[in-house]
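A.B. asks: following is a predicted model, sequence given first.
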Amino acid sequence: MSPAASLSTSTAPDILSVDFFHLYDQLGHDALTLDDETSNLQEAKQKRDQLQFELNKQQRELRKLRGFIREQRNRISLVSTHWFYGTTILQPQLWFRGGCKGKIERARVKLTKAQEEELPTLQSTIQVVQEEQLPPLQRAVDEQLERFELSANAASRQETMRERAFAEHPSPKLLEWGQQKDSLEQRISIYEREAENLDDVISQLFDSQAMYQRAKVLLEDALKHNEKYQTLKDNPLPIPKPAEVLQNRQLRRSETQVADGTKIVFINNGSTKDLFHVKRDGKIYSTNYPCPNGCGHLVTWHETHCCDACRRGASEHDQHCERKLLSTQRGAQQKMDVWIKQQQTYFKSMTWENDNCNKKFMEARKEAKKGERTIRKALSSISIFVRERYSTVCSSLVWDATSSIPTLPHGGCTCSKIRASNIRQEMDKVDRAQTVLSEQVLGTVQQLMAQVRHDTQGFGSHRQNLEKNLEDERNRIFHQLRAQVMGAPVQSPLYEEDTTAPPPAFAPPIIATPSSPSENQVTSNMYSFDSMPQSAEPSATDNAILATEELIRVAAAIMADGA
């Protein structure tokens, strides 16, 4: 054990004594070798670990070799005694390789080589590594570790002695700058925490921007569905008119005269076949067209229905209805089935477009409201400290982009024209919110965050200057204590005031209001920082900082009077 190590275990001497500085110098001599001992310890561990890795690899090969020996023994035993492995009938791979005797002989050759050559060599190599090569490397690691701990303890002990000297014999500058450093540490911690909070605020604003974009896409889809619904509504399925089909001479037809002077007209219209019974005067007597009202009668004298009452949708027929059933004409029921299917498809398409329009519209409104809530929550999370520190910037953080637009009623609207107006109004609301968010709110918060980070860096630079001055002051105090105790001439008193001025305090600049649009013409006092759901009183952290600064000023005044 070195003299410094033996002295360090005893009671530490008084600072204003020769033994204190002798012990300090001896510890410093031991601490000088800390870097060398660290590299030597790492090198010794690397050599030991490399050899240990090779040893583990050889031990795995040994286990594998022993397994191979057991396998060959089992093979010889099975081929020699087992009825299945002892015959070549079920082993065609042995028919041209000497049979079972050849297989046994080959296994014995492999077993002999493994037992008599490979196994002893591998065991001998492992024994040499375990007994001769590895122990010296482990001892070297232990020795280097002991030296490293000695040097590290010496360095730690030496630093403890320096701190003790500064604690028992401080100077007014040392106390003042130490308190300033503690205050700076608190301020830097606060500014870093606020920067992280503003980063989260920006992330929430970007999320709300994505929500508004989704709402805009949904509104565009809703408008398209509404236009399709309006198109279907304005163009209902035409009701077939038998008279027009009969008068169309471009269709293929065949006429048959009846004995009573009437005629039967058969028209092949591609997918449909029309049958007319025409009177002598050319008027229709009967057709195979069903009444679209679904009453089960045929269209006769009326243009589109069986009678005028069915055209109006009445429940009973009028006196002029001839009441001819569908079963009296061939193909009438088939026409009715086709017409009903077309009507069902038509109304199904209208219902689908209408429902999807309402669904997209409601989803878009939910996304827009969600985005607005996210913005309000993000802005309300900005602390009072930031709002008071950067009041000029924060005064422009007002979110009321949608307050001037009236709120639409919940649910869809059966009138497509009114609903289209509501959708466009909601789109205007979303566009306005996106514009204010991207051009004013988001840019302002980003600028605010940049200013907070800039101020944090300024405080960090000031802290580095303070740390340098503190280290210089500590060295001055320690050298003067040494000179006073060891009898060397002292150039100045112990607490002589240095003419070097302390580093100037960092004062973060206040940035101006951003030049983005303010939207003052259309905004209201719906939401601002004055109405945020937070207390206007200073926080506990702000009070602690103010109290610390007051204590620093009082302590500095007292020490100045004492000096």
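C.D. replies: Received the coordinates, thanks.

A.B. asks: and residue 258, what is it in contact with?
C.D. replies: In this structure, residue 258 makes contact with residue 264, judged by Cβ atoms under 8 Å, 6 or more residues apart in numbering. Using the backbone N, CA and C atoms, a C-beta is placed for each residue, glycine as well.

A.B. asks: look up phi and psi at it.
C.D. replies: phi -110, psi 160 (degrees, to the nearest 10).

A.B. asks: for residue 276, give me phi and psi.
C.D. replies: The main-chain torsion angles of residue 276 are listed as degrees, to the nearest 10 and equal phi -130, psi 140.

A.B. asks: how far away is it from residue 189?
C.D. replies: When distances are taken as Cβ to Cβ, to the nearest Å, residue 276 and residue 189 turn out to be 96 Å apart.

A.B. asks: and if you look at residue 45?
C.D. replies: Residue 45 sits 38 Å away from residue 189 when distances are taken as Cβ to Cβ.

A.B. asks: on that earlier part again, neighbour-wise, which of residue 276 and residue 189 wins?
C.D. replies: Using other Cβ atoms under 10 Å as the criterion, residue 276 and residue 189 rank with residue 276 on top: 22 against 13.

A.B. asks: you'd agree that one is up against residue 248?
C.D. replies: No. At 11.7 Å, residue 276 and residue 248 do not qualify as touching, with contact defined as Cβ atoms under 8 Å.

A.B. asks: may I have stretch 69-85 as PDB, with CA atoms only?
C.D. replies: Coordinates of the C-alpha atoms in stretch 69-85 are reproduced here as PDB (Å, rounded to 0.1, in the frame of the first residue of the first chain):
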ATOM      1  CA  ILE A  69     -18.300 -41.400 -29.700                       C
ATOM      2  CA  ARG A  70     -21.500 -42.400 -28.000                       C
ATOM      3  CA  GLU A  71     -23.200 -42.400 -31.400                       C
ATOM      4  CA  GLN A  72     -20.600 -44.800 -32.900                       C
ATOM      5  CA  ARG A  73     -20.800 -47.100 -29.900                       C
ATOM      6  CA  ASN A  74     -24.600 -47.300 -30.200                       C
ATOM      7  CA  ARG A  75     -24.400 -47.900 -33.900                       C
ATOM      8  CA  ILE A  76     -22.000 -50.900 -33.400                       C
ATOM      9  CA  SER A  77     -24.200 -52.200 -30.700                       C
ATOM     10  CA  LEU A  78     -27.500 -51.900 -32.700                       C
ATOM     11  CA  VAL A  79     -26.000 -53.500 -35.900                       C
ATOM     12  CA  SER A  80     -24.500 -56.300 -33.900                       C
ATOM     13  CA  THR A  81     -27.600 -57.200 -31.800                       C
ATOM     14  CA  HIS A  82     -30.800 -55.700 -33.100                       C
ATOM     15  CA  TRP A  83     -32.800 -57.800 -35.600                       C
ATOM     16  CA  PHE A  84     -33.900 -54.800 -37.700                       C
ATOM     17  CA  TYR A  85     -30.400 -53.100 -38.000                       C
END
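
A.B. asks: hmm, residue 300 and residue 320 touching each other?
C.D. replies: No. Taking contacts as Cβ under 8 Å, residue 320 lies outside contact range of residue 300: 9.4 Å.

A.B. asks: these two: who's more crowded?
C.D. replies: Set residue 320 next to residue 300 and count neighbours by other Cβ under 10 Å: residue 300 wins out with 22 against 12.

A.B. asks: tell me the contacts of that one?
C.D. replies: Contacts of residue 300 were listed using Cβ under 8 Å, 6+ apart, and they are 284, 285, 286, 287, 306, 322, 324.

A.B. asks: show me what the fourth one is bridged to.
C.D. replies: The one in question is residue 287. Residues in a beta bridge with residue 287, per DSSP bridges, are residue 276.

A.B. asks: burial check on residue 126, number of neighbours?
C.D. replies: By other Cβ under 10 Å, 16 other residues sit near residue 126.

A.B. asks: wait, residue 138
C.D. replies: Taking other Cβ under 10 Å as the criterion, the count of residues near residue 138 is 13.

A.B. asks: likewise residue 133?
C.D. replies: Other residues near residue 133 come to 14 when the count uses other Cβ under 10 Å.

A.B. asks: measure the nearest residue to it once chain neighbours are set aside to residue 108 for me?
C.D. replies: Of all residues not flanking residue 133 in the chain, residue 51 sits nearest, at 6.0 Å (Cβ to Cβ, 6 or more residues apart in numbering). From residue 51 across to residue 108, the span is 37 Å (Cβ to Cβ).

A.B. asks: and for residue 263?
C.D. replies: Between residue 263 and residue 108 the distance is 113 Å, computed by Cβ to Cβ.

A.B. asks: what of residue 56?
C.D. replies: Residue 56 sits 32 Å away from residue 108, taking Cβ to Cβ as the criterion.

A.B. asks: helix, strand, or coil at residue 306?
C.D. replies: When states are read from DSSP: H, G, I helix; E, B strand; the rest coil, the local structure at residue 306 comes out as coil.

A.B. asks: may I have the helix or strand harbouring residue 102 exported as PDB, CA atoms only?
C.D. replies: Under the criterion DSSP states H and E, the helix or strand holding residue 102 is helix 99-113. Output for helix 99-113, consisting of C-alpha atoms alone and laid out as PDB, is shown next (Å, rounded to 0.1, in the frame of the first residue of the first chain):
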ATOM      1  CA  GLY A  99     -23.400 -55.200 -45.600                       C
ATOM      2  CA  CYS A 100     -23.600 -55.000 -41.800                       C
ATOM      3  CA  LYS A 101     -20.000 -56.100 -41.300                       C
ATOM      4  CA  GLY A 102     -18.800 -53.200 -43.400                       C
ATOM      5  CA  LYS A 103     -21.000 -50.800 -41.500                       C
ATOM      6  CA  ILE A 104     -19.600 -52.100 -38.200                       C
ATOM      7  CA  GLU A 105     -16.000 -51.800 -39.400                       C
ATOM      8  CA  ARG A 106     -16.500 -48.200 -40.600                       C
ATOM      9  CA  ALA A 107     -18.000 -47.300 -37.200                       C
ATOM     10  CA  ARG A 108     -15.000 -48.900 -35.400                       C
ATOM     11  CA  VAL A 109     -12.500 -47.000 -37.400                       C
ATOM     12  CA  LYS A 110     -14.300 -43.700 -36.600                       C
ATOM     13  CA  LEU A 111     -14.600 -44.600 -32.900                       C
ATOM     14  CA  THR A 112     -10.900 -45.500 -32.700                       C
ATOM     15  CA  LYS A 113      -9.800 -42.300 -34.300                       C
END
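
A.B. asks: buried residues, it. List them.
C.D. replies: The neighbour-count check on helix 99-113 (16 or more other Cβ atoms under 10 Å) flags 100, 103, 104, 107, 110, 111 as buried.

A.B. asks: what's downstream of that helix, the next helix or strand?
C.D. replies: Taking DSSP H and E as the definition, the helix or strand that follows helix 99-113 towards the C-terminus is helix 119-128.

A.B. asks: and the following helix or strand past that next one, what's its mean pLDDT?
C.D. replies: Taking DSSP H and E as the definition, the helix or strand that follows helix 119-128 towards the C-terminus is helix 134-168. For helix 134-168, mean pLDDT rounds to 81.

A.B. asks: list the buried residues in helix 134-168.
C.D. replies: In helix 134-168, counting by 16+ other Cβ under 10 Å, buried: 134, 137, 140-141, 144, 147-148, 150-151, 153-155, 157-158, 161, 165-166.

A.B. asks: and what of stretch 61-81?
C.D. replies: 62, 65, 72, 75, 76, 79.
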